[in-house]
Each structure stands twice: as structure tokens, then as C-alpha cells.
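*Asks:* for reference, the sequence and a predicted model appear below.
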Amino acid sequence: MKVVVDMNKCQDHGQCVFAAPDVFQLDENGRLAYVDDPDDALLDEVEEAADVCPLQAIRIEG
Amino acid sequence: MTGRMVVAGASMAGLRAAEQLRSAGWTGAITLVGDEPHMPYNRPPLSKEVLAGKAPFESLAFRPRASVADVEWRLGTKVVASRLAERAVVLDDGSELSYDGLVVATGMRPRRLGCPGPLAGRHTVRTLADAQGLREELTRPGVRVVVVGAGFIGCEVAATAVGLGVAEVTVVDPLPLPMVGPLGELLGRALLRRHEERGVRFALGTGVARFEGEDRVTGVVLGDGTVLPADVVVESVGSLANTEWLDGNGLDLTDGVLTDGRLRVGGRPDVVAVGDVARFPNARYDGVPRRVEHWSIPTDTAKHAAKVLTGAEPAPFAPLPTFWSDQHDFRLQSFGAPALGRDDVRVLDGDPAADVLVGYHHAGRLVGVVALGGPAAVSAAARYRAELLQQPALTA
């Protein structure tokens, strides 16, 4: 699975971090950091993270 | 599992319901019925980026999960009646759909002011068409805007209008402070000051008596006799639930459709409600059924309701509500249910004149946290989320 976040859209709401903490984190400055090739076993939580992004900035490929 | 699920309503809640039905194992047919011509799209940008001209429709449309590629979309049509005992709904073209399971996802429509005066020039912001129509009016030179209602939509529209360069923006509300209902006085005062500093005017503590004008609005007459000249009026005075199609089934439809703690409607195992039309008890709090018009609720309710509709018995529904609101250059971010703790409001960090983090308590328990300010305040609020999740139910 490939995860792409449109960083031009992202406004650091952090909802993805609550949904999929293994994949998304906020760094010390409150900016999003993420794993772009998470294990397929995490698909459910990544889909949930994509759902709860208020900006709909998270895309899942493959 | 075979048969057909019908989802009445094709906005965010309807889409999420379909996706979650697949996720819960439903492999049969799914039909979504929605009255707008568009595929489901994200509404928060309507009062902000869309109104400001910064977001084309392509950027608003939700990307449905692959699992719902085979569902049937009936757009531009709506459900007008239902016979739950016979498991059938009637569409506006007279056709009927029978179902094995029904998801009520018909949402809300804006409440309108009933006071006298012309209709032309008066707007609401609920749909893409609404936002586009309002934008055309706001971008006319020299336009004067009166926003009726100082809640979420009213405050966001006023902020966006100032950002567009509209010189005269006045917000009217019978309450003494903006957003005082959900947030209380401390943040209401902080919001008032911030909006005024950025050019928004307020007429608070009085409502609208009537509108002036022949063919279209030229002014707003307030309850205290003040006349505000206006070329455009935005009515953001709450919403009404789209439940008329459920009449005649013996349901409690006062303020949305009443559900039990598992989002079932009328005690039926085959009908659930999702999104802001659902009036549900939240096991996290006091068991009183309430509608919740926060962005997070369609997704939360869909996930729970889909499990119930496919025969699972999840624990009683207990979401942690969350909302945000972007206004001017600042953000409000909330976790929990601040409205339940308005009588015991404490500053947890910061200063209401700058970035501030506010805690709302009920019977000594923290029930909600709201941040107002920049990114630092917002991420501070998020740090309280775990604490809110761990609080015992108010009834415990």
C-alpha cells in the first residue's frame, strides 16, 4: 500500500494521527509526518485516517 | 448476505454508510438516493474556501472507497415517503424501492427566517449551489452584507466576507455573544473581540423584525428599531431535519429521528440513522438523545450503524465529538462536549486575548476542551483527547 498526503491541502488537524498512529504523527512543530509505504495489515486504519481528514488530503494507492 | 440496502441521502453520511456496510461484510446490493445532482462532497469549505473562490468542486468531492464501486447512485432524486412495515420507500418520481435494510441519512436543511420582506438577496449556505450563488453576490463592488446568526456558519461567512474585501459586514444575533450557545461566555467574548479587530461589526442582543426593499432586500430592520442597510443577507439561523418522508410510521421525529443507543430507529432491527439527522444518546455522557452537527459524526455513526444493520451487536454508541472552525487567521478546535460543561469553564493554558485552551467541566469531570488560536493552541487541545476518552460516563 502506498500513502500519499497532499501537503498543500494538509492543515495539521491531526485527525489521521488518532486514527492511524502507526502511520501518521505530528512532529514537534505540529507538522504532519507519515510513513508512505505502511504494511498492508494497516489498511483498515489508514482508510479510517483518510476518511477523518477534514481536508480529504490523504490518498491510498495500490 | 444478499438483498438490498437502501441509503436515503447521498452526502457524506450516506457515502460513509455504504462504505461501512461493505466493511461490515455486506456483499449485497446498495442503492443510494440523493436529491443533489453531485456525488458526495465535503461541506466545511463551502463557508470558507468555496466562498473565497479557492476550491473548485473537484477538490471537494469525496474519493469513495474502492469497496463501493458497484453501488447504485440515484442522484437528483429523493425519497418522499416510506412504509417501514412493508420495507419500502417511495421516490419523488413515484417509483418504489424495497429493502432489507434502510439507512436514514437525509440530513438537514437551513432554517429560514419567517419575518416579512422580500426574498431576493437572502441566502443560506448548505449546498455547493448556495455557496456559489452567495460568492457571486459578495464579489460585487461596494456590497453591504448582513449575516443573521452568530454561530459557526455565520462567523465563518463573516470572516470570509472580510477576507474577500467586503467593507461592510455586520453579524446580527439575539444572543449577547457569538457562538455563546456551544462555547459559553469566555470564548464568546474572545471571539467577539477577534472578529471586531478584523473588521466585522456586530448587532447583538436583538433579532430581525423584518426586511426592507421592494423586489429585493435593501435593509434589515432589527427588533430594537435599528435599520442596517444591506445588499446581501445571509441567514445562518440553524437547521431543520429532513424527516418528512418518515411521517406515518409512528416514529419520534421531533428534531431529527430518534434512535436507541445502537442507532436503531423505532426499535426496528432493519432501520438505522446516521449523520446529523440522527438524534442519539451518547453513552459517554448522560444518555439524553441529541443531534450532533459536527463533521466527525457522519463517519462515527456510519461505522456503528453499519455493524448494527448487518447483525452485529457493538457496544452502545459512545463517540467523542470533535469540531473545528477556521475564522480569519485563527482556528477553534474542540474535543468532547463543551456545551455540557458551560457552567464550569476554566482556562487550562494561555490567555483569552491570545492563544487559549479552555476546559469545560460537569460535576467536576472534564467533558470538553476547546482551543482558540494558532497551531500551538490547537495541538495543545489534542493532548487532552486521551484524558477525555478515559473519563467515566457522566451517568456512572
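*Replies:* Perfect, I can see it now. Numbering: from 1, shown residues only, chains lettered A, B, ... in the order given.

*Asks:* hey, let's count contacts and neighbours off CA atoms from now on
*Replies:* OK.

*Asks:* remind me, longest helix of chain A?
*Replies:* For chain A, the helix with the greatest residue count under DSSP state H is helix A:43-52.

*Asks:* contact partners of that helix?
*Replies:* When contacts are defined by C-alpha atoms under 8 Å, 6 or more residues apart in numbering or on different chains, helix A:43-52 is touched by residues A:1, A:15-20, A:23, A:56-60, B:296, B:299.

*Asks:* are stretch B:364-380 and chain A in contact anywhere?
*Replies:* Yes: applying C-alpha under 8 Å from any C-alpha of the partner chain, one finds stretch B:364-380 in contact with chain A at B:375-376, B:379.

*Asks:* could I get the residues you listed as TSV with pLDDT?
*Replies:* Converted to TSV, the residues of stretch B:364-380 next to chain A look like this (pLDDT from 0 to 100):
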residue	pLDDT
B:Pro375	79
B:Ala376	78
B:Ser379	82
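
*Asks:* can I have the buried ones of those residues as a PyMOL selection?
*Replies:* Here is the PyMOL command that selects the buried residues among these (16 or more other C-alpha atoms under 10 Å in any protein chain shown):
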select buried, chain B and resi 375+379
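
*Asks:* which of the residues of stretch B:364-380 next to chain A lies closest to B:Lys303?
*Replies:* B:Ser379 (26.1 Å; C-alpha to C-alpha).

*Asks:* on the three-state scheme, the closest one is what?
*Replies:* With DSSP: H, G, I helix; E, B strand; the rest coil as the basis, B:Ser379 sits in helix.

*Asks:* once you drop chain neighbours, what's closest to it?
*Replies:* A:Gly30 (6.6 Å; C-alpha to C-alpha, 6 or more residues apart in numbering or on different chains).

*Asks:* any idea whether that neighbour is helix, strand or coil?
*Replies:* Under three-state DSSP, A:Gly30 comes out as coil.

*Asks:* alongside chain B, which residues does chain A contribute?
*Replies:* So far as C-alpha under 8 Å from any C-alpha goes, chain A lies against chain B at A:12, A:14, A:30, A:51-52, A:54, A:56.

*Asks:* mind listing what residue 15 touches?
*Replies:* Let's take chain A. Here A:Gln15 is in contact with A:49, A:52-54 (criterion: C-alpha under 8 Å, 6+ apart).

*Asks:* think we crossed wires, I meant chain B
*Replies:* B:Leu15 neighbours (C-alpha under 8 Å, 6+ apart): B:32, B:40, B:64.

*Asks:* and the pLDDT for it?
*Replies:* The per-residue pLDDT reported for B:Leu15 equals 98.

*Asks:* ok, it to chain A distance?
*Replies:* Distance, B:Leu15 to chain A, using C-alpha to the nearest C-alpha, to the nearest Å: 11 Å.

*Asks:* same thing with B:Ala396?
*Replies:* From B:Ala396 to chain A the distance is 26 Å (C-alpha to the nearest C-alpha).

*Asks:* one step back: so what strands line up beside whichever helix or strand comes after the longest helix of chain A?
*Replies:* Later in the chain than helix A:43-52, the nearest helix or strand by DSSP states H and E is strand A:58-61. When pairing is defined by DSSP bridges, strand A:58-61 lines up against strand A:2-5 (antiparallel).

*Asks:* list the buried residues in the strand it pairs with.
*Replies:* So for strand A:2-5, counting by 16+ other C-alpha under 10 Å, buried means A:3, A:5.

*Asks:* CA atoms only: put it into CSV for me.
*Replies:* C-alpha atoms of strand A:2-5 as CSV (Å, rounded to 0.1, in the frame of the first residue of the first chain):
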residue,chain,number,x,y,z
LYS,A,2,1.2,3.5,-0.9
VAL,A,3,0.0,6.5,1.1
VAL,A,4,0.2,10.0,-0.4
VAL,A,5,-0.7,13.1,1.5
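
*Asks:* got a list of contacts for it?
*Replies:* Counting by C-alpha under 8 Å, 6+ apart, A:35-38, A:57-62 sit against strand A:2-5.

*Asks:* now list the buried members of these.
*Replies:* A:57-60.

*Asks:* quick check, nearest of those to B:Val146?
*Replies:* A:Ala57 (33.3 Å).

*Asks:* can you pull out the low-pLDDT segments for the chain?
*Replies:* No chain specified, so I'll use chain A. By pLDDT under 70, chain A has no low-scoring segment.

*Asks:* right idea, wrong chain: chain B
*Replies:* B:1-2.

*Asks:* what residue is smack in the middle of it?
*Replies:* B:Glu293 (3.6 Å; C-alpha atoms, centre = their mean).

*Asks:* just the terminal-to-terminal distance for stretch B:246-253.
*Replies:* 8 Å (C-alpha to C-alpha, to the nearest Å).

*Asks:* quick check: buried residues in that stretch?
*Replies:* Buried residues in stretch B:246-253, counting neighbours by 16+ other C-alpha under 10 Å, are found at B:246, B:253.

*Asks:* who are the contact partners of the residue nearest to the centre of chain B?
*Replies:* Per C-alpha under 8 Å, 6+ apart, neighbours of B:Glu293: B:275-276.

*Asks:* for it, helix, strand, or coil?
*Replies:* coil.

*Asks:* next, A:Asp37: phi, psi?
*Replies:* phi -140, psi 60 (degrees, to the nearest 10).

*Asks:* isn't it up against A:Met1?
*Replies:* Yes: using C-alpha atoms under 8 Å, A:Asp37 makes contact with A:Met1 at a distance of 5.9 Å.

*Asks:* show me what from chain B comes close to chain A.
*Replies:* Going by C-alpha under 8 Å from any C-alpha, the residues of chain B near chain A are B:62, B:295-296, B:299, B:375-376, B:379, B:382.

*Asks:* let's see it at 7 Å
*Replies:* For chain B, the residues in contact with chain A (C-alpha under 7 Å from any C-alpha of the partner chain) are B:296, B:375, B:379.
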